Structure formats: structure tokens, C-alpha cells
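Q: everything below, folded, please.
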Amino acid sequence: MFRQAIATVIAVCLSSVPVWAQTTTSLPDYVIAAFGEPPAIPGGPLTADTIAAVDDVLAIAVNQSDWSPTDTDALDIIAQTSDPRLVWLLTDMQRFAWRPEFRAALTRVAADILDTSFESGRQRTEIINKMMAWDIPAYPDYLSHKARVFTNYVPGWETLFVEGDIDWHLVDWGGVNIDARPYDTTDEICHCIPAIDNPEVDTAEDATWLQDDDIVFGIAINGEARAYPRRIMEVREMVNDTLGGRDLGIPYCTLCGAAQAYFTDQLPAGVQRPILRTSGLLIRSNKVMYDIETKSVFDTFTGKAVAGPLAETGLQLDQATVITADWGTWRTTFPDTTVLKEELALGRDFNLRETRDANGPIFPVGDVDPRLGVHEDVIGAITANGMPVAFPRSLAVAALSAGQSVTFNDVKLELFAGGLRAVGPDGQDLGSHQAFWFAWSQFYPNTALWEG
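A: All right, here's what the predicted structure looks like:
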């Protein structure tokens, strides 16, 4: 992953017309080879004429029944700006465009601005991948425009779209509604990805529906162990639980192959336990979670509050280790483990890893660090000095099984309960978890990679 350095923009004179800047790129060769050279990016606000055109097109996007294919004046003005920052809004409108003619018109404008063409059927994904790979920023006041589009179609997002430490231009809709059910009402049906609060559990002996080779996400805290079967987590994607006397928020992003666990207690004074829910939004193909109590938005992959009241407090949730293991080994290691009841799967068995996600990310992710394949499983951890490090799972398992040491700086990987975990020099748990390489490397773009 890269971070593009934008050249200094010549000062804008009395006019609000944006001044075009040459971009000084530091893009890796693989990005240029895959996506081409990035366009120049203007500085400053949009012109008055452009803002008027944007408002006109936003009105069309909100009420497409009032649009005809000949109504292109505002779109033509946007195209003539050649401002790539505007393409973000075009892709937002594409996502909700129910009229194919309007979607095609938006694609045409994006292609004109970026001076390129896109293959039939995957235009929007191609456009966003280019924009992400080139690190194109949003224009001033973009968020208010995006919010008009998104909140027009999915009720419940109104309080989430606020300024914060989040790249809102990278946020997309995952195709599902927000889970807005109050705490401990998760037995109610929702048209969303349904979280579970305080799940019912079985003993290992009673969980006869699980086979030994079934994948579970295992968590052990203060001597108490619990297994969260992948089959259930693929349906629910979020659990608020209490284990070993600690409160936890446990998101599973099927798209990133990452089950994580965050401590949601022992927080700073005045901060109440956040109750985590799935927003229906994505960023870099990772689910965006939020707190139902304060409507604060979290970076699911890092546990950091990035928008809303909890972001203003600087809240960073501590992470507990999640072991991606087979049920047979987890149960043998922890014979007193509990496990979520089968009924929580709601009769579903998606197996998304081997079906929907088998051929790579289904949502745009931009460029991916080429050191590993996009869906290579890695175990990620953070060193004492704050450096993220990824260990390829298959390589690490082979080395450890052969009696070799797997270490990077002060992080040591070890086989544990059917999976892998990272520990520090004194054996302390470092809060590691498994994920796809594309996700780990995008959320930790400066990650080190253990290569054996």
C-alpha cells in the first residue's frame, strides 16, 4: 500500500477557481503498471458553477424519476471540470442508481474525467479501484453531498455521517441495512446482518452438531474459554458478550476473513460500554461497525473510534486474541469450553470463504501489496514499538511444526489450541488475530512481513 504525496498547490487568488497542481507521485511500480499514471489533482474548493451542477445532479440522484437521458447539462459541466475528486460522488450515486440509463451517464462522466474507459459490467468497481490506488482525495464539503445520497436510501445512517478521522470517500454500501436494534433485543427480526447480544451457549459435550474439522473462533479470558463457530459468525458478524468477567465486542468481517475481539469495559472515566452493531457500510472491503448507544463509528480492523462522541474522547479499544482453530483441537485444549448454540445460525450455512469470496475481494480495495496473494491468511500483531507485523499462516505453521522459531522483533508466534497466537518476550498475550493479507496490509500499510 502506498500514500501518494501531493505536490504543493499554487495559492488560489481572489477567485474560487481551483488551481491545478502537478502530482509528484511516489507510487510503486506495480501500481503504475496496474492502474496507469494518476491524474493531476486540483487544490481549493469547487467553483460556484461546479457546486450548482453538483446540486442539480444530486437532485437527480435522489429522485431519478424526474430525469431523462437527454438531461445532461449538469453532468456535462462536471465532466468539463476534469476534477478527479468529483468522481467519488459519481460512484456514490452509481451505487444507488436504479435506472440503468442514469448509471451509464454517471459512468460516462467518470470515464471522461479520468480519461479512460471501463469494461462492461464492472465499471464502478474499476473506477473505485483506480481512485483508491491513486489515493485521490475528496473535495471540500464532499461529506455533506455523500450523506444526501446515502441517507436518502437507507434510514438510520443520518447520525453516522459526521466529520471524523475516517476517509468517508472510501466508504461504500455493502448492500444491507443498518442494525439499529437496542441492546439485548437481538432476538427480534431485522432486515440487516443481525448481531447477537449475550448469546446462549452449550457445553462442548452438548454441541454434537459441530464436526471436529469445523472452524471456530476461540477466545479464552481469565480461565474461561468460548468457541464462536464460523458458521454462526458468517450469519451474525457481531457479538456482544461477557467472558471471564470481561465485556467484549466481537466483529467478524467475512470479506476480510477476520474475527476480532475488543474489550468494551474498563474504559476511561465517563465512557460507557459501547454496544457494537453492523452499520451496513464498508471501507476497503471491511465492515464499518458503530456503537448503538452513542452512534459513534469505529474502525473495525483497529478498534479505534473514528467519528462521533467516542472519537472525540480518543477511544481506542484494546484487543483480545482470537484463535482461528478447528473445533476438535479447541475442545481438546479447553474441555470446559462453551460454544454458541446451533440455533444462532438461523438455519443458514453460507460457507462464504469457499463460495462468494473464493475468487478474491468482491468490493473495491484498490491496489494490494504484492508481497502476498490477496487472500493469503496472515496472523497479525503489533510489536512493542508499534510496528505492525504479519506472519503468513501456512509458512508459520510449517516452521513451527518443524521445531523452528517464528519471531519478529519482540513478537513470537506459537501453535495454540488448533491455531496460532502471538506472544511477547515474557509470554504475554499480544492480542493477535487472523485475516486476509489484503485487509491487514491495507489497514496497516507500513506492515512488516515475516518471510521465514
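Q: neighbours of residue 281, just the number please.
A: 23 (other C-beta atoms under 10 Å). Every residue, glycine included, has its C-beta placed from N, CA and C.
Q: where does it land in three-state SS?
A: strand (DSSP: H, G, I helix; E, B strand; the rest coil).
Q: would you mind measuring from the residue nearest to it when sequence neighbours are not counted to residue 154?
A: Closest residue to residue 281 apart from its sequence neighbours, by C-beta to C-beta, 6 or more residues apart in numbering: residue 288 at 4.0 Å. The gap separating residue 288 from residue 154 is 13 Å, by C-beta to C-beta, to the nearest Å.
Q: higher neighbour count, these two?
A: Neighbour totals were compared for residue 288 and residue 154, and residue 288 leads with 25 against 17 (other C-beta under 10 Å).
Q: quick one: contacts for that one?
A: 171, 279, 281, 282, 297, 298, 299, 300 (C-beta atoms under 8 Å, 6 or more residues apart in numbering).
Q: what do you get if the cut-off is 7 Å, keeping everything else the same?
A: Listed by C-beta atoms under 7 Å, 6 or more residues apart in numbering, the contact partners of residue 288 are 171, 279, 281, 282, 297, 300.
Q: same question, residue 166
A: Contacts of residue 166 (C-beta under 7 Å, 6+ apart): 297, 306, 307.
Q: my guess is the first one contacts residue 307. True?
A: Yes. Using C-beta atoms under 7 Å, residue 297 and residue 307 qualify as a contacting pair, with a distance of 4.0 Å.
Q: who has more neighbours, these two?
A: Ranked by neighbour count (other C-beta under 10 Å), residue 297 and residue 307 place residue 297 first, with 29 against 24.
Q: on that earlier part again, now for residue 297 and residue 307: what residues contact both?
A: Common neighbours of residue 297 and residue 307 (C-beta under 7 Å, 6+ apart) are 164, 166.
Q: in contact with the closest residue to residue 162 other than its chain neighbours, which residues are there?
A: Of all residues not flanking residue 162 in the chain, residue 307 sits nearest, at 5.3 Å (C-beta to C-beta, 6+ apart). Counting by C-beta under 7 Å, 6+ apart, residue 307 makes contact with 162, 164, 166, 296, 297.
Q: what of residue 182?
A: Contacts of residue 182 (C-beta under 7 Å, 6+ apart): residue 292.
Q: ok, now residue 75?
A: Neighbours of residue 75 in contact, by C-beta under 7 Å, 6+ apart: 57, 105, 109.
Q: show me the shaky parts of the protein.
A: Regions of the chain meeting the criterion pLDDT under 70 cover residues 1-25, 120-121.
Q: same thing but 80
A: Filtered on pLDDT under 80, the chain yields the residue ranges 1-25, 119-121, 352-355, 357-360.
Q: residue boundaries of the helices in it?
A: 29-35, 48-62, 73-81, 87-96, 100-114, 123-134, 142-153, 230-236, 309-312, 327-333, 393-401, 437-443 (DSSP state H).
Q: before we move on, the earlier item: among the contacts of residue 166, name the ones in strands.
A: 297, 306, 307 (DSSP state E).
Q: so the second one touches residue 299, yeah?
A: Right, residue 306. Yes. In this structure, residue 306 is within contact of residue 299 by C-beta under 7 Å, at 5.1 Å.
Q: the domain parsing of the protein - what is it?
A: With domains defined by automatic domain parsing, the chain comprises 19-153, 172-345, 367-449.
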